[in-house]
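In: With the sequence up front, the predicted model follows.
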Amino acid sequence: MADIQEPYLLTPGPLTTSASVKRAMLRDWGSRDRDFIALNARVRARLVALAGGADSHVAVPLQGSGTFVVEAMLGTLVAPDGKLLVLVNGAYGQRMVKMADYHRRQVAVLETAEDQPNDPEALERALAADPAISHVAAVQCETTSGILNPIEALAEVTARHGRRLLVDAMSAFGALPLDAREVTFDGLAASANKCLEGIPGLGFAIVRRSALEAAAGHAPALSLDLYDQWRSMEQNGQWRFTPPTHVLAALDQALVEHAAEGGIAGRAARYRENCRILIEGMRALGFSTLLPDHLQAPIIVTFRMPADPRFLFDDFYDRLRTKGYVIYPGKLTVAPSFRIGCIGRLGSAEMQGALAAIRATLAEMGVASGQPAAPAAVINQGPSS
Ligand SMILES: Cc1ncc(COP(=O)(O)O)c(C=O)c1O
């Protein structure tokens, strides 16, 4: 699918992008140029529409990687006298706790294991017990493991208790639905370079207009002030500081391709098929997924490290890289693992190609099976676990 020969990135990002997205960057744009201002407005309108928020929310883009916009969202929307409850089951939830600490905001944590989703009933109890909590933060797909968190149920509990939900939708936006007409949230943060298949360097938040209007003076840093970024962009259509022009041009093209593929549903269908091919193929080679299928988002899959002492991950990685496929190390604290992504400009041919390369690599390394040491088969049996 990626029509330029370069290694395929089966990672959580940066990702493989289409040649047409790359070509969209072959032009320089003046930041005050009429065409660029129109492009920026078009991208913002498309982003907010993807979140079903055209009547209630606004899109605020921000320079930087995804972390920058998550931090900007928390810092801008949680008032200095507010309190944030973070639902944690991986590194990106932990990172939001760290941000709140940096911002010297009151923060509480509700943690589940890395292979367990956030628990709406525990959230219910936590909100009932602590009226000081003003905001709840959750990660839609916790990329640490690839787990899908129950955002709809968490949103329902949060709204019923009159609190505000902020979602890190970084690795989900564009492929997993989060529609403001159906799910109540004040903010979500995402990036150009995950499921939208743009290039890295730009994040954006989709924020409830009324929440943003009430957020003047909250942000702990000028460059991360989403209120200021929004006000200034509304006034003249321009960015406050040098915009990542080429990244926006690439995102503009990526959004055209996203729509042509059938929007969120179309992209999700391709990623689900990528994920199915990957998991079936890896299981046939003896590998074991961390998650049961019903908790697995079609974004990135965590595999347990094989027990065979001949399987050395760095060697496996290098040999696959030579064959044209880049995978990703694990990020779990609970078990040795590695990850393979299903997102980016990849389809069934690339997933089959990756599996063939993995099969050949195992043979070269003398590894007969990817079976892990732990009796992980027990947790791989699907919905009943
Ligand atoms: C869920 C989630 N949140 C936040 C981030 C941070 O994004 P970045 O590495 O672009 O700063 C990532 C990156 O993969 C992510 O998957």
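Out: Structure's in. What do you need?

In: Nearest residue to the residue of the stretch 151-300 of the chain found nearest the ligand in space, ignoring adjacent ones along the chain?
Out: Relative to the ligand, the nearest point of the stretch 151-300 of the chain is Met170 (3.5 Å; C-beta to the nearest ligand atom). Glycine gets a C-beta too; all of them are placed from N, C-alpha and C. Using C-beta to C-beta, 6 or more residues apart in numbering and skipping residues adjacent in sequence, the residue nearest Met170 is Gly66, 4.6 Å away.

In: count of neighbours near that neighbour?
Out: A count of nearby residues for Gly66, using other C-beta atoms under 10 Å, gives 27.

In: Contact residues of the stretch 101-250 of the chain facing the ligand?
Out: Residues of the stretch 101-250 of the chain lying close to the ligand (C-beta under 6 Å from any ligand atom) are 139, 143, 168, 170-171, 191.

In: could you redo the last one with a cut-off of 8 Å?
Out: 139-144, 168-172, 189, 191, 193-194, 200, 203 (C-beta under 8 Å from any ligand atom).

In: so the residue nearest to Met170 touches Ser191, yeah?
Out: Yes. Between Gly66 and Ser191 a contact is recorded at 4.1 Å, counting by C-beta atoms under 8 Å.

In: residues touching Pro306, list them.
Out: 286-287, 367, 369-372 (C-beta atoms under 8 Å, 6 or more residues apart in numbering).

In: tally of neighbours for Gly286?
Out: Around Gly286 there are 16 residues (other C-beta under 10 Å).

In: Skipping its backbone neighbours, what lies nearest it in space?
Out: Gly286 sits nearest to Ser369 (C-beta to C-beta, 6+ apart), 3.3 Å away.

In: one step back: next step: the residues of the stretch 101-250 of the chain next to the ligand restricted to strands.
Out: The strands, defined by DSSP state E, take in 139, 141-142, 168, 189, 191, 203 from these.

In: before we move on, back to that, common neighbours of Gly66 and Ser191, please.
Out: In contact with both Gly66 and Ser191: 170, 203, using C-beta under 8 Å, 6+ apart.

In: The residue of the stretch 151-300 of the chain closest to the ligand: what's it in contact with?
Out: Counting by C-beta under 8 Å, 6+ apart, the residues that Met170 touches are 66, 70, 92, 139, 143, 189-191, 194, 203.

In: Over to Leu10?
Out: Leu10 neighbours (C-beta under 8 Å, 6+ apart): 325-328, 340-342, 344, 346, 350, 354.

In: Let me see the ranges of the helices in the stretch 251-385 of the chain.
Out: Taking DSSP state H, counting those that start in this stretch as the criterion, the stretch 251-385 of the chain carries its helices at 263-284, 313-322, 348-365.
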